[in-house]
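**Student:** Fold the following, please.
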Amino acid sequence: MSNKILVVDDEQSIMNIIAFNLKKEGYEVVTAEDGEMAITIFDTEKPDLILLDIMMPKIDGYGVCKRIRDKSDVPIIMLTARADEVDKVLGLEIGADDYVTKPFSNRELMARVKANLRRKSNIKQDEEQNNMDTNTFVYGDLTINFDRYEVFKRNEPINLTIREFELLKFLAIKKNQIFTREALLSQVWGYEYFGDVRAVDVTIRRLREKIEDDASKPKFILTKRGIGYYFMS
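**Tutor:** Numbers count the residues shown, from 1 in each chain. Prediction:
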């Protein structure tokens, strides 16, 4: 069965081009022209991934992302015509998994779609294959169960997005090894480096805010100035 992708954009020409290219790749495509329609179609169609424009009537992309993220961890890739870093960062901070700035190449968009779907598929397989609590690691007051995709701080559950968990898992497994932003983008995000590593910095900051006692003085995820990040154990 092919993956179903919801494309949300109020510009009909752009939406048609994206839908055409996705169908060529074998995906099933559903579309929405505004935020309200996007939420309704999401609830009825249950897509496997969402390509979500930011500037839309009725409810903008940020609002749609927040509403969907409250009830689902479906991968969301924001489509934005804005080049401002603040706009990109905001999308990531409210729960988007990725963003692409218009104009974008079809190759870049398809690479990101495939990477996010592959990650979702891998996580689902892991959850189905691991019914036993057999892969739990404890680092001080932080507990990570790699099989069940669960994280606890002093026995209290921490709510992480899939992207945040995958980044934490990768760094924790490779503890004490330093990784550049480009390496993390390749290893965790799962696609070739396209020139913007801000997504890594934003996700690291979100993770620190959730797992550290003091995000300004982290003890788990540390920075090697001028190089990258590593998990200290």
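
**Student:** OK, contacts around the residue of the chain positioned farthest from its centre?
**Tutor:** No residue in the chain sits farther from the centre than G140, which is 26.8 Å out by C-alpha atoms, centre = their mean. Applying C-beta atoms under 8 Å, 6 or more residues apart in numbering, we find G140 in contact with K219, F220. C-beta: built from backbone N, CA, C; applies to glycine.

**Student:** Distance of it relative to P218?
**Tutor:** Remark: distance between G140 and P218 (C-beta to C-beta, to the nearest Å) = 12 Å.

**Student:** For R225, the count of nearby residues, please.
**Tutor:** The local packing of R225 (other C-beta atoms under 10 Å) involves 5 other residues.

**Student:** repeat for L22
**Tutor:** Quick note: L22 (other C-beta under 10 Å) scores 23 neighbours.

**Student:** Give the helix, strand or coil label for the nearest residue to it once chain neighbours are set aside.
**Tutor:** Nearest in space to L22, with sequence neighbours left out and distances taken as C-beta to C-beta, 6 or more residues apart in numbering, is V29 at 5.1 Å. Taken by DSSP: H, G, I helix; E, B strand; the rest coil, the conformation at V29 corresponds to strand.

**Student:** I'd assumed N176 was in a helix, is it?
**Tutor:** No: with three-state DSSP as the criterion, N176 is assigned coil and is not in a helix.

**Student:** Let me see the contact set for it.
**Tutor:** Residues in contact with N176 (C-beta under 8 Å, 6+ apart) are Y230, F231, M232, S233.

**Student:** Filter the residues you listed down to just the ones in strands.
**Tutor:** Taking DSSP state E, the ones among the contacts of N176 that sit in strands are Y230, F231.

**Student:** Thank you, goodbye.
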